[in-house]
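>>> need coordinates for the following:
(one chain, ligands or ions: 2)
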Amino acid sequence: MIQCDGLVKIYKASNLEVFALQGLDLAVESGELMAIIGNSGSGKSTLLNMLGGLDRPTAGSLTVDGKDMLKMKESELVRYKRESVGFVWQNNARNLIPYLTALENVELPILLSGRRKRLRALELLEAVGLGHRAHNKLHQLSGGEQQRVAIAIALANQPRLLLADEPTGSVDSRMAEQILDLFRDLNRQLNLTIVIVTHDPLLAKKVDRVVAIRDGKISSEMLRRKSYDEELRELEAGHAQEESHVEYAILDKAGRLQVPSDYLQAIGIKDTNKVKLELSDGQIILTPPEKGA
Ligand SMILES: Nc1ncnc2c1ncn2[C@@H]1O[C@H](COP(=O)(O)OP(=O)(O)OP(=O)(O)O)[C@@H](O)[C@H]1O
Ligand SMILES: [Mg+2]
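Ligands and ions are numbered 1, 2, ... in the order given. Okay, here's the model as predicted:
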């Protein structure tokens with residue numbers, strides 16, 4: 001669904017250049033539910049905006065659903081945004097109108113899009129578990145319920161890809177969990193590819209693959225050992241829990257690797273940019289440089 005190679009995004013503000021993405025590689029399979037984590041300013045929203053066609057990459061290559069996002073014409077980009085992708089933001093004020101009901105909020109973009117093959121607004125609300133609140137005004141709904149309305153809207157154009165930027169940033173942890181469960185259901189039932197950006201490592205653990213961005217590049221990737229269902233079954237059966245994910249560092253095409261700073265500290269690397277690399281018994285060993293090096 002997504003293939004990103006050496007993706008670069010440079011923002012130019014007056015005389016300043018900000019390298020928001022610095023050669024990012026990422027592949028996402030069709031039907032995957034995955035999360036992107038990373039510190040503030042690491043480039044998560046920038047990446048999501050590129051994937052959603054809201055902004056264009058500066059260099060590198062990016063294809064989404066078979067479309068080349070760098071070569072796409074403006075008119076094709078407009079169609080892509082309208083037909084292929086759904087967006088959910090943290091701040092749902094960007095998605096919703098407070099003085100309309102839940103149902104009217106979902107109907108409005110459907111009417112505006114004028115598409116023939118459209119889902120009915122009520123079906124969409126039911127799909128997100130909010131059928132019973134359809135006639136409530138937005139301000140009568142909780143933050144989590146409002147976020148569900150936003151998700152219903154994002155699904156209205158029957159997208160193949162759903163992008164969510166901090167979708168649970170403004171709700172409590174119980175609600176966050178419910179929203180994630182909803183994403184998981186949608187992923188399964190509609191075979192929808194979903195990419196979620198989050199700050200919350202606990203939330204990220206609920207998906208099968210978590211990719212960490214650091215300084216505009218993928219730095220590590222965590223893969224789930226067992227499926228989430230399998231894990232839940234074991235939990236219910238009362239079995240002891242091992243760590244749910246295995247973490248891998250990411251090698252770039254030139255063989256470069258980012259070593260976490262606490263690892264470097266632990267082996268006493270400081271005031272130097274050199275490490276000794278040795279191959280031993282099929283393992284690679286990193287040690288601090290000899291004195292004077
Ligand atoms: N429109 C813009 N113009 C200039 N610089 C920008 C613009 N948008 C983002 N940046 C810069 O690009 C870098 C990456 O920003 P981005 O919004 O992608 O980070 P993020 O990982 O989403 O952070 P957060 O977790 O705080 O949302 C930051 O240094 C940011 O200041
Ligand atoms: Mg952001």
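
>>> where does pLDDT dip in the stretch 101-250 of the chain?
113-119, 228, 239-242 (pLDDT under 70).

>>> next helix or strand past the stretch of helix or strand V210 belongs to?
Per DSSP states H and E: V210 is located in strand 209-214. Reading on from strand 209-214 to the C-terminus, the next helix or strand found by DSSP H and E is strand 217-224.

>>> which parts of that next one are buried?
Neighbour-count burial for strand 217-224 flags K217, I218, S219, S220, E221, M222, R224 (criterion: 16 or more other C-beta atoms under 10 Å). All C-beta spots, glycine's among them, are computed from the backbone N, C-alpha and C.

>>> can you pull the contacts of the last one?
For R224, the set of contacting residues under the criterion of C-beta atoms under 8 Å, 6 or more residues apart in numbering consists of V207, D208, R209, E231, S244, H245.

>>> pull up the gap between the fifth one and E221, please.
With distances defined as C-beta to C-beta, to the nearest Å, the gap from S244 to E221 amounts to 14 Å.

>>> and the closest residue to S45 other than its chain neighbours, how many neighbours?
Nearest residue to S45 in three dimensions, chain neighbours excluded: D165, at 5.6 Å (C-beta to C-beta, 6 or more residues apart in numbering). When neighbours are counted by other C-beta atoms under 10 Å, D165 registers 22.

>>> wouldn't D165 be in contact with N91 here?
No. Assessed by C-beta atoms under 8 Å, D165 is found out of contact with N91, at 9.3 Å.

>>> how's the protein carved up into domains?
Following automatic domain parsing, one gets these domains for the chain: 2-84+159-257, 259-293.

>>> so for the last one, mean pLDDT?
The predicted model assigns domain 259-293 a mean pLDDT of 87.

>>> for the contacts of R224, work out which two are farthest apart.
R209 and E231 (14.6 Å; C-beta to C-beta).

>>> give me the residue from the stretch 51-200 of the chain nearest ligand 1.
When distances are taken as C-beta to the nearest ligand atom, the stretch 51-200 of the chain reaches nearest to ligand 1 at H199, 6.2 Å away.

>>> who are the contact partners of that residue?
I37, S40, E166, G169.

>>> which of those residues are buried, as a PyMOL select command?
Provided next is the PyMOL selection string for whichever of the contacts of H199 are buried by 16+ other C-beta under 10 Å:
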select buried, resi 37+166+169
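
>>> in strands, which of the contacts of H199 appear?
When DSSP state E is applied, those are split such that I37 fall in strands.

>>> now the contacts of H199 as TSV including distance to V85?
Below are these laid out as TSV (distance: C-beta to C-beta, whole Å):
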residue	distance to V85
I37	21
S40	24
E166	17
G169	20
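
>>> ok, which of the contacts of H199 also contact ligand 1?
Applying C-beta under 6 Å from any ligand atom, the subset of the contacts of H199 adjacent to ligand 1 comprises S40.

>>> Y80 is in what secondary structure piece?
Short version, using DSSP H and E: Y80 is in helix 74-83.
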